[in-house]
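1. coordinates only, no sequence provided:
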């Protein structure tokens with residue numbers, strides 16, 4: 001598959017006196033009769049899985065896999081952003097408004113990737129790049145460099161922005177270090193869990209990882225076993241830290257949105273345990289990553305013909321690690337409860353055994369018997385319409401607190417049904433539920449926004465009001481209302497002077513860096529002009545110290 005790289009238009013930085021002009025995408029003013037909605041999210045919000053058939057090959061080429069102008073113009077209509085957008089359009093028609101809904105959600109992107117993409121031209125999320133280059137074709141990750149231009153084409157005009165991010169920050173915080181590791185067991189686990197995230201059935205996903213182990217059985221060491229036990233003991237111990245980091249990254253997205261568009265209403269959409277990563281058995285909840293790691297650790301033990309408990313094997317010279325290893329062994333014993341109901345993996349084992357060499361048949365069957373013993377799907381896991389996952393609950397609490405702190409609206413969608421717990425993405429019903437909850441929670445915000453005064457307003461910003469001599473300060477032109485395209489002009493002068501120094505005349509350039517030449521007080525002026533010729537000014541005071 002070939003992708004045409006979309007080249008963002010870059011303005012050459014020009015030095016004028018002691019100031020430099022920054023190339024920042026220009027905002028096109030929304031006319032008085034428009035209302036713009038922009039959605040940011042990962043594969044869930046993008047509608048991944050809704051536009052492809054069930055086979056793995058089609059899912060790898062899912063239309064929601066890669067953000068492009070084509071996808072923006074022809075979005076996945078069953079995704080909640082599109083459903084909510086249709087609701088906004090219907091409401092707008094009653095008010096004589098034209099509503100534009102744009103889904104900028106990016107599959108495999110973490111919150112930290114979205115924030116960096118908004119602010120940094122050419123940025124590529126390394127996790128998304130790995131997934132594209134691995135699961136689609138080498139080199140396809142290059143398309144990610146266009147995302148900055150797409151984000152900044154629509155974000156500056158937004159009246160309402162929704163953000164549903166954070167889940168990938170948690171799961172990839174666990175998986176990505178494994179993907180990059182040389183540990184054979186890590187690669188097997190991360191391969192299987194990546195396939196689960198792409199919607200593959202558990203039988204196929206586990207089988208892929210187990211065959212990877214089988215093919216690399218001569219390279220598995222005792223240290224690999226110890227490292228696996230240590231890592232997942234740390235995953236369990238630091239579960240809260242993953243959530244806290246995720247929430248902080250979502251906060252970074254909010255800040256990035258505010259830097260480009262200071263006036264938009266922002267809604268944080270909560271999470272509903274999209275990864276289906278909880279198994280419930282006998283009243284106990286197990287994390288899928290821990291269960292899968294247990295399977296592969298046991299499998300690796302069998303392939304090596306060893307056990308953790310082997311007394312004459314020194315795993316590491318670290319008492320704390322030894323303790324964690326012992327804890328993990330006990331955890332493996334507890335997981336034997338999950339062996340009561342289904343035999344999908346055993347069936348797969350038999351099919352694999354038939355195609356294997358005679359010398360390996362017995363070993364593979366025994367290996368996959370371990371899988372059957374360690375994990376099967378409790379009936380309540382397959383049929384439950386609602387998930388209970390501690391990390392997602394905690395993330396929702398953190399996002400609600402973040403919304404309260406930053407004056408945003410939190411939309412709680414935790415109790416939706418994703419219809420199929422073996423697939424991390426909700427089907428159409430789940431998306432409709434999210435959209436309906438958004439309609440209810442955001443009704444007042446939307447009503448206020450659609451009725452807002454569209455008079456031209458200058459809401460420009462300055463990065464600091466005090467800097468040291470020799471430093472630079474960013475001045476950003478931001479406007480709202482008015483008619484047609486915005487243009488900006490920038491000036492400064494000493495506070496004691498009457499004469500303004502022009503940094504940049506009216507143009508679509510939205511930001512400049514000013515580098516004052518003396519340690520005195522300065523006045524900084526930003527003018528904004530719309531298509532009617534109306535000009536609105538805003539002045540800042542800048543103190544420069546030695």
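-> Arrived safely, thanks for sending. Please read all numbers here as calculations on a predicted model, not as lab measurements.

2. tell me the pLDDT of residue 185.
-> At residue 185, the model reports a pLDDT of 85.

3. correction: the previous question concerned residue 447.
-> Turning to residue 447, the model gives it a pLDDT of 94.

4. which secondary structure elements does the longest strand along the chain sit against?
-> The single longest strand within the chain, with elements called by DSSP state E, is strand 535-545. Judged by 3 or more CB pairs under 8 Å, 6 or more residues apart in numbering; DSSP states H and E, strand 535-545 is in contact with strand 457-458, strand 466-468, strand 521-529. For every residue, glycine as well, the C-beta is placed using N, CA and C.

5. tell me which helix or strand comes right after the shortest one.
-> The reference is to strand 457-458. Sequence-wise, the next helix or strand downstream of strand 457-458 (DSSP states H and E) is strand 461-462.

6. and that following strand, what does it pack onto?
-> Using 3+ CB pairs under 8 Å, 6+ apart: strand 461-462 touches strand 473-476.

7. adjacent strands (with direction) for the strand it packs on?
-> Applying DSSP bridges, strand 473-476 is found paired with strand 461-462 (antiparallel), strand 511-514 (antiparallel).

8. can you list the domains in this protein?
-> Domain segmentation of the chain under automatic domain parsing yields 33-168+238-276+383-450, 179-237+277-382, 457-545.

9. please list the residues outside the lengthiest helix in the chain that contact it.
-> Secondary structure of the chain read by DSSP state H shows that its longest helix is helix 239-260. Applying CB atoms under 8 Å, 6 or more residues apart in numbering, the external contacts of helix 239-260 come out as 40, 110-112, 114-115, 118-119, 152, 155-156, 161, 163, 165-167, 169-170, 173-174, 235, 264, 266, 268, 287, 390-391, 394-395, 398-399, 402, 406, 408, 476.

10. re the thing from before, so which of the helices and strands packed on strand 535-545 is nearest residue 214?
-> Counting by CB to CB, residue 214 lies closest to strand 466-468 out of the helices and strands packed on strand 535-545; the figure is 61.7 Å.

11. the stretch 101-250 of the chain: helices as residue ranges?
-> Secondary structure of the stretch 101-250 of the chain (DSSP state H, counting those that start in this stretch): helices located at 111-119, 126-135, 147-154, 167-180, 184-197, 202-215, 222-237, 239-260.

12. would a markdown table of these with mean neighbour count and distance to residue 528 be doable?
-> Output for those, formatted as a markdown table (neighbours: other CB atoms under 10 Å; distance: least, CB to CB, whole Å):
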| stretch | mean neighbour count | distance to residue 528 |
| --- | --- | --- |
| helix 111-119 | 24 | 22 |
| helix 126-135 | 19 | 36 |
| helix 147-154 | 21 | 18 |
| helix 167-180 | 22 | 36 |
| helix 184-197 | 24 | 45 |
| helix 202-215 | 20 | 54 |
| helix 222-237 | 19 | 50 |
| helix 239-260 | 19 | 15 |
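
13. nearest to residue 33, out of these?
-> Closest to residue 33 of the helices of the stretch 101-250 of the chain, according to CB to CB: helix 147-154, at 18.0 Å.

14. what packs against that closest one?
-> helix 69-73, helix 111-119.

15. so for it, mean pLDDT?
-> Helix 147-154 comes out with an average pLDDT of 95.

16. again, but for stretch 42-50
-> Rounded mean pLDDT across stretch 42-50 is 91.

17. cool, stretch 163-181 as well?
-> 89.

18. likewise stretch 109-123?
-> Averaging pLDDT along stretch 109-123 gives 95.

19. any idea whether residue 67 is helix, strand or coil?
-> coil (DSSP: H, G, I helix; E, B strand; the rest coil).

20. quick check: the residue lying closest to it once chain neighbours are set aside vs residue 64, distance?
-> Using CB to CB, 6 or more residues apart in numbering and skipping the chain neighbours, the partner closest in space to residue 67 is residue 106 (4.9 Å). Counting by CB to CB, to the nearest Å, the gap from residue 106 to residue 64 is 9 Å.

21. do residue 40 as well
-> Distance from residue 40 to residue 64, counting by CB to CB: 14 Å.
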